[in-house]
Each structure stands twice: as structure tokens, then as C-alpha cells.
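**Q** pasting the sequence and the predicted model now:
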Amino acid sequence: AQKVTQAQTEISVVEKEDVTLDCVYETRDTTYYLFWYKQPPSGELVFLIRRNSFDEQNEISGRYSWNFQKSTSSFNFTITASQVVDSAVYFCALSEDSTGTASKLTFGTGTRLQVTL
Amino acid sequence: ETGVTQTPRHLVMGMTNKKSLKCEQHLGHNAMYWYKQSAKKPLELMFVYNFKEQTENNSVPSRFSPECPNSSHLFLHLHTLQPEDSALYLCASSQEEAQTHYYGYTFGSGTRLTVV
């Protein structure tokens, strides 16, 4: 069975600080997909990034960066120079390969990030 | 505007009421999902529909009854709920192809349900 662990329940930082959100996953599959979503106070989950298990190249998108390490089963998310608008709950999720059927995402419990002035 | 619209945004219902949650997407996706989000718990997958066919019922009590009349609409019918069913109910859709998972899910804003 697949499992996603986000050990940090809440993180509070001051604006402009860098912050890393941890994600550790468990799966028996060799082909799988990892995601990060952001949930602002409005409620909807916003897709941030997808990574497949064969692509360990780290990615940077503006102030966001992701570090995927299969050796430690981790997919950590770093926000550089955090801003108040980054305040939200962030979810890491895992999907196993299910070609031909609808995919199912398994989510972690989320990390609430609070960025203050 | 997320592309997935859920109504109502908020719902308060008594334990003997019958109500329905509605989800609509016009993204051309062919898979739709219901998730339950309770405080301090992971999002729980409830139901999966792929091309209008239910492919997953994740041990959900029968007081929750999904309906998918077409690939753009998904309903969750509620009947004789319990206070512990109070949660945020999220609908999502995705485009499932041979190279699945590529786009991830698109979520709606959810319906905040309170059972009194």
C-alpha cells in the first residue's frame, strides 16, 4: 500500500525567509508519480508540480524548487524568499501507475505554512 | 475560476435531511473524484468515476450515494448523515490517457458540510 508522510504539521516563518516542506513516501511500485498541491484559504487545491519516478532531476520554478531523492523516498519542496501570499496548506501526494484506469492520489496530511511580516 | 465548480459552497443539514452536492467540469476530463477532507486527517478518496463508470468505492457508508450522469457532472447524494460526516468535500477531475497522471487533478473549491 502506498503512503505519504508530511511530518511537519505547521510551520511559521517571517517573510523573506526560506522554508522547506518535507515529504516522505512509501510505495512498492517502480513506476509512480509525485505531486505537490497548495490549498489556500479559499479551499481548492492548486496543482504545483508533478514528478515521475524515472525523473530525479530537481526542478526550479521561480521561488519554488523541488528536491526528489529516490534513495531516501523523499520529495521536498522549498520556497525561497517566502511571501505572505505563500501562506496555505501544502499537500504532497503519490499516485501509482494505473494505465487504463483512473489514477488515484494518496495524500499526506498536509503542512500549514504561515508567513508573517 | 478553477475549471471545476462545486455547489453549494456551504451546507448545514440536519441528520434526517436529504441533500445533494454538485460538481461540474468543462475541461473535457473523463475521470471525476470525490474526496473528503476532515481536520487533521489526510484527504480521503471516496469515489472514482472513469468515463461515467464507478471504478472505486473506498468503503464509503451507504449514506453517501454518488451519481455521474455524464462525464461533466458528478453528484454526491447525502442521506441521514452523522455529525462526524462534517467536513470539506472536494471534487476533482483529470484527463486519463495512456500516459496517465501527466496533468494531475483539477480540484474544485469544495463544499463545507456541517451536520447538526
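**A** Sure, I can see it. Every value quoted in this text rests on a predicted model; they were computed, and no experiment measured them. Numbering: from 1, shown residues only, chains lettered A, B, ... in the order given.
**Q** switch to C-alpha atoms for all contacts and neighbour counts from now on
**A** Noted.
**Q** quick check, B:Leu74 in contact with B:Lys22.
**A** Yes - taking Cα atoms under 8 Å as the definition, B:Leu74 is a contact partner of B:Lys22 at 6.1 Å.
**Q** of those two, which one has the most company?
**A** When neighbours are counted by other Cα atoms under 10 Å in any protein chain shown, B:Leu74 comes out ahead of the other of B:Leu74 and B:Lys22, with 25 against 19.
**Q** now the phi/psi pair for the more buried one, please.
**A** Here is the backbone geometry of B:Leu74 (degrees, to the nearest 10): phi -140, psi 130.
**Q** quick one: contacts for it?
**A** B:Leu74 sits next to B:Lys22, B:Cys23, B:Glu24, B:Met32, B:Pro66, B:Glu67, B:Cys68 when contact means Cα atoms under 8 Å, 6 or more residues apart in numbering or on different chains.
**Q** same thing with B:Lys18?
**A** Listed by Cα under 8 Å, 6+ apart, the contact partners of B:Lys18 are B:His77, B:Leu78, B:His79, B:Thr80.
**Q** now A:Thr27
**A** Applying Cα under 8 Å, 6+ apart, the residues contacting A:Thr27 are A:Ala1, A:Gln2, A:Lys3, A:Glu96.
**Q** buried ones among the residues you listed?
**A** When those are checked for burial by 16 or more other Cα atoms under 10 Å in any protein chain shown, the buried set is A:Glu96.
**Q** wait, doesn't B:Tyr49 sit right on B:Pro66?
**A** No - shown here, B:Tyr49 and B:Pro66 do not form a contact pair, counting by Cα under 8 Å, at 9.4 Å.
**Q** on that earlier part again, pick out the most distant pair among the contacts of B:Lys18.
**A** Looking at the contacts of B:Lys18 by Cα to Cα, the two members farthest from one another are B:His77 and B:Thr80, with 10.4 Å of separation.
**Q** so what sits against both of these two?
**A** In terms of Cα under 8 Å, 6+ apart, B:His77 and B:Thr80 are both contacted by the residues B:Lys18, B:Arg63.
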